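*Asks:* need a structure here:
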Amino acid sequence: MLYMVIEKYKTGCRDKIYERLKTKGRMLPNGLIYLDSWLELQGKKCFQLMETENEYLFDEWIKKWNDLVDFEIIPLEQKK
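*Replies:* Numbering: from 1, shown residues only. Predicted coordinates:
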């Protein structure tokens with residue numbers, strides 16, 4: 001299943017986010033797949049397209065980032 005993940009960067013955390021990403025990577029658990037991402041022009045939100053068959057993997061991943069980012073996870077319906 002596909003998901004749109006909206007990351008809202010906490011105030012003053014943008015540089016810390018990119019430093020952690022540079023040193024530790026995305027830190028995704030096995031089974032949670034990153035597909036693509038877009039950053040809004042103001043640089044305060046990131047939109048990520050992700051895929052998984054186990055939505056509970058988001059909980060594991062979010063624990064590694066929730067000190068810097070607020071998350072909204074939206075399940076997507078694919079057009080047929």
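
*Asks:* buried sites along the helix or strand containing residue 61?
*Replies:* Applying DSSP states H and E as the criterion places residue 61 in helix 57-62. The neighbour-count check on helix 57-62 (16 or more other C-beta atoms under 10 Å) flags 57-58, 61 as buried. To be clear about C-beta, it is placed using only N, CA and C from the backbone, and glycine gets the same treatment.

*Asks:* also stretch 3-16?
*Replies:* 3, 5, 7, 9.

*Asks:* now do residue 78, the pLDDT please.
*Replies:* Note on residue 78: pLDDT of 79.

*Asks:* just list the residues touching it, thanks.
*Replies:* residue 2 (C-beta atoms under 8 Å, 6 or more residues apart in numbering).

*Asks:* state the mean pLDDT of the helix holding residue 61.
*Replies:* Rounded mean pLDDT across helix 57-62 is 98.
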